[in-house]
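Peer 1: the following block contains a protein sequence and its predicted model.
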Number of protein chains: 4
Amino acid sequence: MSCKKRIGILTAGGDCPGLNAVLRAVGKSLIPNGYEIVGFEDGFLGVLQRRYRILSNLDLSGILTLGGTILGTSNKDNPFEWIPPNHMDDADAKPADYSDRCVEILEELGCEGLVVIGGDGSQSMSLRFMKEKNVKCIGVPKTIDNDLNATDVTFGFDTAVQRATTSLDCLHSTAMSHHRAMCVEVMGRYAGWLALHAGVAGGGDVILLPEIPFSMEKVCEYLQERKQEGKRFSIVVVSEGAKLNGEFVIERQVKNSHDPIRLGGISQKVAAEIEARLGIESRATILGHLQRGGSPTSRDRILASQFGFKAAELVLDGAWGMMSAWQKGLITAVPIEEAVSSLKLVQPDDPLIRFAKSIGTCFGD
Amino acid sequence: MSCKKRIGILTAGGDCPGLNAVLRAVGKSLIPNGYEIVGFEDGFLGVLQRRYRILSNLDLSGILTLGGTILGTSNKDNPFEWIPPNHMDDADAKPADYSDRCVEILEELGCEGLVVIGGDGSQSMSLRFMKEKNVKCIGVPKTIDNDLNATDVTFGFDTAVQRATTSLDCLHSTAMSHHRAMCVEVMGRYAGWLALHAGVAGGGDVILLPEIPFSMEKVCEYLQERKQEGKRFSIVVVSEGAKLNGEFVIERQVKNSHDPIRLGGISQKVAAEIEARLGIESRATILGHLQRGGSPTSRDRILASQFGFKAAELVLDGAWGMMSAWQKGLITAVPIEEAVSSLKLVQPDDPLIRFAKSIGTCFGD
Amino acid sequence: MSCKKRIGILTAGGDCPGLNAVLRAVGKSLIPNGYEIVGFEDGFLGVLQRRYRILSNLDLSGILTLGGTILGTSNKDNPFEWIPPNHMDDADAKPADYSDRCVEILEELGCEGLVVIGGDGSQSMSLRFMKEKNVKCIGVPKTIDNDLNATDVTFGFDTAVQRATTSLDCLHSTAMSHHRAMCVEVMGRYAGWLALHAGVAGGGDVILLPEIPFSMEKVCEYLQERKQEGKRFSIVVVSEGAKLNGEFVIERQVKNSHDPIRLGGISQKVAAEIEARLGIESRATILGHLQRGGSPTSRDRILASQFGFKAAELVLDGAWGMMSAWQKGLITAVPIEEAVSSLKLVQPDDPLIRFAKSIGTCFGD
Amino acid sequence: MSCKKRIGILTAGGDCPGLNAVLRAVGKSLIPNGYEIVGFEDGFLGVLQRRYRILSNLDLSGILTLGGTILGTSNKDNPFEWIPPNHMDDADAKPADYSDRCVEILEELGCEGLVVIGGDGSQSMSLRFMKEKNVKCIGVPKTIDNDLNATDVTFGFDTAVQRATTSLDCLHSTAMSHHRAMCVEVMGRYAGWLALHAGVAGGGDVILLPEIPFSMEKVCEYLQERKQEGKRFSIVVVSEGAKLNGEFVIERQVKNSHDPIRLGGISQKVAAEIEARLGIESRATILGHLQRGGSPTSRDRILASQFGFKAAELVLDGAWGMMSAWQKGLITAVPIEEAVSSLKLVQPDDPLIRFAKSIGTCFGD
């Protein structure tokens, strides 16, 4: 081991535009301060399996614009309940606790602490490592759904909104030419931020969110009125978690969220209902992974850089247990514990909802 | 009626980027030659229902960049076998022949002839109108699948390839970060041009076309090899009409092609199989209508303008029964009859297939 | 005149992505409240010359995505000091005060008040109209340079940053392939917000702002070091108002800012100096109007909609003299007077500057 | 040296989107045939200075989407007349012939031949190496201006047209909002292909090409007519080599083409003249390097791949002295000698010019 100070870093959970910008900001800020950056591969899996590489300034150059994460990530990386890959097909295999192995490896490698870039689940693991195993962690919040509580916004969200909006712009031409109702399903299992923002930015006529249970009667009444006013097409933006009459209507064969291997999404249900009830030609489009891939917007690059820079400052300050956050237009830090306590949901009186309603947008309620 | 010469024009079938550029080129070229442009709405439906508007130079300004068609279009507009809308829900309603009504209306409006911008089906209707009813038609070929025989390429195809390629670029980051196989379904029910071109342009590792029946064994063998070489992700590009072991595997609830209200596409089948057989995390994305909406690429704007200009010249020359076409790098004209005789399919020795195979791309055969 | 209430609206000063989104939000929110929207053409010029049109819901549909302003705008529209067009070539023509004529016309048309969407200069005119002529005004701040004091951010800025960032991404390939220093000039005559944000988002190696006077010695020293470390290319982002040794170096033939008819920009000076001093091939690119045209980003569409909605609420509340603003992550309102009191400049300890310096970016100081 | 066969490859002259796609196609096609790929850095300079790297399949992965060239390029790499860098500042330094040194190095490295990806100048060097030094060369034509004679089109051109068209779309909003004439200068010193294609695709009102000398009288007459018809803005597309009254009007301080360090381009002259003669506000924008950077369009990726694949086949066939080409819609090969004999210029009766004139576009003649 080198005589330098070492800090571990990993990206966990679903990929998100801006992860590389965070890695770059953390690394390029800490290296001149005498740190060696131990980049673990595939989230906590890399700690558990001792897979890592030292990230030099050169490794961190040219990655600002790249989507995804150069370190790789994983959705199955919980060291507290893990089944080794060679037992995964074994029906009797029970998950075991490998967290001590992680602590050992972090010590072996001389990591002073661990910067965890991840969402709700990953930050909860950080908390357990801190509380149960005395591992020093710094958090960087990552959620493309924008539903983490302790931060007003996270990187990746702006890119997802921009992608969804561009898609809505694009689908307008088909909607208009064919006089159709185009139903567009966007990410958001519990929170409707993405549907709300893309819906407003893309001029959606109907916006359906998990937080506002909707009825097909209300939606169809509204579309019928539009038709009578001579408006021959409609754009319907639907959160994947939108609830018809307060319930998820579609049994999905999914293991985790955002999974497009499934029998059909809520957008397909809504499109089918509109066509059946009103005789308006309807089509569904599920944007899926297109929302989370590719190069981050300028705003997300800047935001991610600031989150990373703040994380580096927290490391230098020894402010373990803290997480970068964005509040009231400023970068700041909050205890990780606060971040994971509850989801941030859209409120019915959100200014954007009030605006959308004032110009006549339908929320199906 | 004005003492000017009049020509009818319509856009029929699925929408396609470049339709407006054709309308603009036809109109702006014919108006200075003393023509009035009678734009029928929603394809042949507008003729049948006497819905039209006179297109002035002003109407044709600023539409070059717009996706879709300002005239509207329809997939249910065959005047030879038509059910009026008020009988559509009537289970006993039988389609009747309304073609004479169309001829009457064209005569009433004083249209010298009709420019039909449409695909295989619409050009076949033109042929019947010409042969059975003596209507003078000029054709402009439209097919986003690029499968019309008498032309090397049509407008809309370049835009669709560009959209699909951009999506593949975007999905690469998720594929790499999560070490997944991403299966991307593109349009192409009978012909694999779009999958082949987007697959090559987007660096697809596997490309599955309707013309080359594939087996999951071959695909999985190939992906297994990639894994053993340390390549931890793959991009699989699938035509919606790709045939597993020579057959369509999935019963779809579709009435016409490109319809996303359905239980699941071939990409979902392929993704599920890869995950089951190899244990590689796999995801499916169906691009659907995103491929045909939005502003046309510069190339499609130019191509569509040339197709429209040629159609205007054919009108001026009285070359009825002819269709604009692109052959060997030049704009030209062919009899409509030739265009609809057979589909243009990808040949197994297409230069792009030979190239792709030379660099190791798998076609599942 | 109708018995409805009427409100005037205009867009003044340089065009900016999001203007149409503001118009749409104001109009679509006020029309259901019984207002008729009197849209004046080309800024205050339309008031002065009685050129206007009533904006209906239909006029406001489909404009959310359009760049520029459907009302037109002007840079020469100060009614307090105006030269009529037919006297503009007259060398002896003196500007006269036409403000009373404006008041008359507003009264004739029955406008209860005037919503002014404009920058520093236009809001100052609003103030004079309010103070000297008792005209009731509501402000909506517009500045692509982001230098208005009373609001943390304005619409148009995000789009400009995104455009400049995309351009920087694009120029990277030439810089790398040719081992060049690419000097890119962005808007910002007095404030460096755009250069700072685009510079950080686009990974600029050198960022030169009006607020931080730079010397060529410092810039060249830095580039020389990069060369010695084996970095064979550099991206230099320059505000048009950046000051070499504290001074503007280049006499421009410009009447107003952002004008590209000129002998040369600061970026050309910087590129020439780098090439002369270091022998590094250098090229300059002036982004100019590309930064302010085209469709707004999703964020700017949302922001502009919120600014417009707030303005509508201010009208309904009779809160004359107030202006929409964005502060601490929330939409709010401030007195117009506050907004025009001083420019908002980049501070040397801005978090983005601290971040950029921490990763080694050069500011030439 | 390995017992494998070796082939050299280099990219020379100005960078161009698609260069990496060519490198990838040549390499990935030849490696499985037992070749080692010797990639020389910075064009012929890499041969002369023995700077090269062996390109493996891994080096060639992931570069399809990247702009520029991973090998680097140079505009000052003529081995027949070269001044070593350490003598460049020496006013008395005379260029000397270093071509024998190149031959030596190619022999030392065991290169069977050399694949030269470059334009007119570079292919001329290949010819001299073949004729005077018996070096075996294969050519791949590269010219973003599309002015190479023996091929209907080259890679990079479609991307440049797309970039310029997108810029024209973007500038439309400013033109419309401010009622201005926007003059946009695109690449093309001797040939107007880019101005013609982007002009048609972007709906340019005036298009000025090097091949059609223009007069300001004709341009202003046309703009005046537009104004009288109530069209309050215009888009003027100008080739950098457009000739006012048959002459270049502006002395430039340029050493080679496409160089933006200069006093002003023809677009600035045209804008100034329009403003002076007609009193229409006018602005100039020089697109410069934005046209040649960034990721290639799907079409250019496919075209470049096919050019590279053909070059690999020519190597395998021992068809030295031949060059990939695209003719009549097919990939083919032609003698390098043919390619460099003369420039391919726009003919006055080009179908696109005929189309543009038929819809009223002005060419200033």
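Peer 2: Everything's here; your move. Residues are numbered from 1 along each chain as shown, chains lettered A, B, ... in the order given.

Peer 1: quick one: A:I83 from A:L45, how far?
Peer 2: 12 Å (CB to CB, to the nearest Å). Backbone N, C-alpha and C define where each C-beta goes, glycine included.

Peer 1: neighbour count winner among these two?
Peer 2: Between A:I83 and A:L45, A:L45 has the larger neighbour count (other CB atoms under 10 Å in any protein chain shown), namely 23 against 16.

Peer 1: A:I54 looks like it's in a strand, true?
Peer 2: Yes. Using DSSP: H, G, I helix; E, B strand; the rest coil, the secondary structure at A:I54 is a strand.

Peer 1: for the stretch 101-250 of chain A, just list every one of the helices.
Peer 2: Remark: helices assigned in the stretch 101-250 of chain A by DSSP state H, counting those that start in this stretch are A:120-133, A:157-178, A:193-201, A:216-228.

Peer 1: pLDDT weak spots in the stretch 251-365 of chain A?
Peer 2: Low-confidence segments of the stretch 251-365 of chain A (pLDDT under 70): A:251-264.

Peer 1: how about the helices in it?
Peer 2: With DSSP H, counting those that start in this stretch as the criterion, the stretch 251-365 of chain A has helices spanning A:266-278, A:298-317, A:336-339, A:351-358.

Peer 1: just to revisit the earlier point, the helices of the stretch 101-250 of chain A: which one's closest to chain D?
Peer 2: helix A:157-178 (13.2 Å; CB to the nearest CB).

Peer 1: wait, does that closest one make contact with chain B?
Peer 2: Yes. Residues of helix A:157-178 are located near chain B by CB under 8 Å from any CB of the partner chain, namely A:163, A:167, A:169-174, A:176-178.

Peer 1: residues near the closest residue to A:D15 other than its chain neighbours, how many?
Peer 2: Leaving out its chain neighbours, the residue that sits closest to A:D15 by CB to CB, 6 or more residues apart in numbering or on different chains is B:S177, at 3.9 Å. Per other CB under 10 Å, the neighbour tally for B:S177 reads 27.

Peer 1: tell me the contacts of B:S177?
Peer 2: Applying CB atoms under 8 Å, 6 or more residues apart in numbering or on different chains, one finds that B:S177 lies in contact with A:11, A:15, A:19, A:68-69, A:72-73.

Peer 1: and of those residues, the nearest to D:L314?
Peer 2: D:L314 has its nearest neighbour among the contacts of B:S177 in A:G68, at 37.5 Å by CB to CB.

Peer 1: ok, that closest one to B:D169 distance?
Peer 2: Using CB to CB, A:G68 is found at 12 Å from B:D169.

Peer 1: and what of A:K133?
Peer 2: Taking CB to CB, one finds A:K133 at 41 Å from B:D169.

Peer 1: more crowded one of the two?
Peer 2: For A:K133 and B:D169, the more surrounded residue by other CB under 10 Å is B:D169, and the numbers stand at 21 against 14.

Peer 1: what's the closest non-adjacent residue to that one?
Peer 2: Ranked by CB to CB, 6+ apart and with sequence neighbours excluded, the top spatial neighbour of B:D169 is D:T65, at 5.8 Å.

Peer 1: what's the answer for A:H87, then?
Peer 2: That would be A:A93: by CB to CB, 6+ apart, it lies 4.0 Å from A:H87.

Peer 1: what separates the one you found from D:R50, distance-wise?
Peer 2: In this structure, A:A93 and D:R50 are 58 Å apart, going by CB to CB.

Peer 1: how much space between the residue of chain A positioned farthest from its centre and A:K357?
Peer 2: Farthest-out residue of chain A from its mean C-alpha position, per CA atoms, centre = their mean: A:Q228, at 39.3 Å. Distance check for A:Q228 against A:K357: by CB to CB, it reads 20 Å.

Peer 1: do the same with A:G34
Peer 2: Counting by CB to CB, the gap from A:G34 to A:K357 is 55 Å.

Peer 1: same question, A:G364
Peer 2: 12 Å.

Peer 1: higher neighbour count, those two?
Peer 2: Using other CB under 10 Å as the criterion, A:G364 and A:K357 rank with A:G364 on top: 25 against 15.

Peer 1: the residue lying closest to A:N20 once chain neighbours are set aside: what's it in contact with?
Peer 2: Excluding the flanking residues, the one nearest A:N20 by CB to CB, 6+ apart is A:I63, at 4.1 Å. Going by CB under 8 Å, 6+ apart, A:I63 touches A:20-21, A:23-24, A:70.

Peer 1: mind picking the two most distant members of those residues?
Peer 2: The widest separation within the contacts of A:I63 (CB to CB) is 11.1 Å, between A:A21 and A:I70.

Peer 1: of these two, who's got more company?
Peer 2: Remark: of A:A21 and A:I70, A:A21 carries more neighbours, 28 against 19, as counted by other CB under 10 Å.

Peer 1: mind splitting chain A into its structural domains?
Peer 2: A:5-155+A:296-339, A:161-291 (automatic domain parsing).

Peer 1: ends of the first one, how far apart?
Peer 2: This points to domain A:5-155+A:296-339. The stretch domain A:5-155+A:296-339 measures 28 Å between its terminal residues, going by CA to CA, to the nearest Å.

Peer 1: kindly report the same for the shortest one.
Peer 2: The first and last residues of domain A:161-291 sit 8 Å apart, counting by CA to CA.

Peer 1: can you give the distance from it to the centre of its chain?
Peer 2: Computed by CA atoms, centre = their mean, to the nearest Å, the chain-centroid distance of domain A:161-291 equals 20 Å.

Peer 1: residue nearest the centroid of chain A?
Peer 2: Note: chain A centre (CA atoms, centre = their mean) maps to A:I144, 2.2 Å.

Peer 1: let me see the contact set for the residue nearest to it when sequence neighbours are not counted.
Peer 2: Excluding its sequence neighbours, the residue lying closest to A:I144 (CB to CB, 6+ apart) is A:G156, at 4.5 Å. Applying CB under 8 Å, 6+ apart, we find A:G156 in contact with A:16-19, A:142-144, A:292, A:296, A:300, A:304.

Peer 1: and for A:F248?
Peer 2: A:F248 makes contacts with A:241, A:266, as judged by CB under 8 Å, 6+ apart.

Peer 1: now do 10 Å
Peer 2: Residues in contact with A:F248, defined by CB atoms under 10 Å, 6 or more residues apart in numbering or on different chains, are A:189, A:210, A:240-242, A:266.

Peer 1: what's the closest of those to chain C?
Peer 2: Checking the contacts of A:F248 against chain C by CB to the nearest CB gives A:E240 as the nearest, at 18.8 Å.
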